[in-house]
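Peer 1: need a structure here:
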Amino acid sequence: MISVATSFNLLNQDLLLLPQKAIYWQQQKALIIADVHFGKVGHFRKAGIAVPRDMEQSDLATLSDLVHEYKPEKLIFLGDLFHSDMNNDWDWFILWRSQFPGLQIILIRGNHDIIADSNYQKLNIELHDELLIGPFLMLHHPLPDDKLQNAGGYVFCGHIHPGVNLSGKGRQSITLPCFAFGSRQAIFPSFGKFTGKIAIHSRQADKIFAVLKDKVVAIA
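Peer 2: Numbers count the residues shown, from 1 in each chain. All right, here's what the predicted structure looks like:
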C-alpha cells in the first residue's frame, strides 16, 4: 500500500505530514518524531505481560524506511525515545543506529528518558531540554497558554499522544491519532505502535489532521 504525505505550510516552512506519524521539514531536511517509547515492549514482557516481541523491531523498521525514503540530515525526537530503564531492546536500537552513522540525531529529553546521557552520547546522539531551530521551539511537554505567550518560537511537542474522535451516522466512533496545530503550538501523535491516544477537543487547535493507515487528512 502506497502512503501519501500531506503538505502543510506553517510560518513559511514546508512540512510533510506523514501517515507514519512523523513530519518531514523540507527546509531543514529534518525528520521529526515524538514519543517512540522504544523498550516498552521489553519492559512489559519483563513484567510478565504478553506483548508480541516483534513490535519494537516494527517501529525501528518503519523509522528505517522513513530515513531511506526522505534522506534527512537531521532526526529529531521530541522526547520519550526510550520508555524506561535499559533492557534488551537497547541492543536493537544500537544496531539500528549503526546503520545510519552520518545521520545527526537530536533527542529532546522527555519524562521517560531516564537512561544516562552517556549511553546516548556513545551513539553520537545530542541531548537537549529544548532547542530552537528556525521558527520552531522543540520541546517534549506542551506549554500552557500563559507560557506560550513568552515562548521563544512556535512550539513542536508531544507527550500527550493526541487523538481525534470521529463519529458515524450509526453511532460508530473511532479515535485516530492526529497532528494538532494551534496558533502557537503543534502537538505530534505518538510514533510508537505500543502507545495509546487521548482524544482532544477541536477547540484546542486551529487545525487538526487525522492519521489514517496510508494518508493524513485535514478534518478541522
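
Peer 1: please save the CA atoms from stretch 19-34 in PDB.
Peer 2: The C-alpha coordinates for stretch 19-34 follow below in PDB (Å, rounded to 0.1, in the frame of the first residue of the first chain):
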ATOM      1  CA  PRO A  19       0.900   8.700   7.900                       C
ATOM      2  CA  GLN A  20       3.800   7.100   9.800                       C
ATOM      3  CA  LYS A  21       3.100   9.800  12.400                       C
ATOM      4  CA  ALA A  22       6.100  11.900  11.600                       C
ATOM      5  CA  ILE A  23       6.800  15.200  10.000                       C
ATOM      6  CA  TYR A  24       9.400  15.900   7.400                       C
ATOM      7  CA  TRP A  25      10.600  19.600   7.500                       C
ATOM      8  CA  GLN A  26      11.800  20.300   4.000                       C
ATOM      9  CA  GLN A  27      13.900  23.400   4.600                       C
ATOM     10  CA  GLN A  28      15.900  21.800   7.300                       C
ATOM     11  CA  LYS A  29      15.900  18.300   5.800                       C
ATOM     12  CA  ALA A  30      14.700  17.100   9.200                       C
ATOM     13  CA  LEU A  31      12.500  14.200  10.200                       C
ATOM     14  CA  ILE A  32      10.700  15.000  13.500                       C
ATOM     15  CA  ILE A  33       9.000  12.300  15.700                       C
ATOM     16  CA  ALA A  34       7.500  12.200  19.100                       C
END
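
Peer 1: how far does it sit from the chain's center?
Peer 2: 9 Å (CA atoms, centre = their mean, to the nearest Å).

Peer 1: stretch 63-70 now?
Peer 2: For stretch 63-70 - counting by CA atoms, centre = their mean - the centre lies 14 Å from the chain centre.

Peer 1: next: stretch 3-22.
Peer 2: The answer for stretch 3-22 is 13 Å, by CA atoms, centre = their mean.

Peer 1: may I see the buried residues of that stretch?
Peer 2: Neighbour counts over stretch 3-22 (16 or more other CB atoms under 10 Å) mark 5, 6, 8, 10, 15, 16, 17, 18, 19, 20, 21, 22 as buried. C-beta: built from backbone N, CA, C; applies to glycine.

Peer 1: one more: stretch 133-149?
Peer 2: Going by 16+ other CB under 10 Å, stretch 133-149 has these buried residues: 133, 136, 137, 138, 139, 140, 141, 142, 143, 148.

Peer 1: hmm, back to that, of all the buried residues of stretch 3-22, which comes closest to residue 104?
Peer 2: residue 22 (15.9 Å; CB to CB).

Peer 1: could you report the pLDDT at the closest one?
Peer 2: What the model reports as pLDDT for residue 22 is 97.

Peer 1: try residue 75
Peer 2: For residue 75, the pLDDT comes out at 98.

Peer 1: so after the lowest-mean-pLDDT helix or strand in the chain, what's the next helix or strand?
Peer 2: The weakest-scoring helix or strand in the chain, judged by mean pLDDT, DSSP states H and E, is helix 40-46 (a mean of 47). Per DSSP states H and E, the first helix or strand lying C-terminal to helix 40-46 is helix 55-70.
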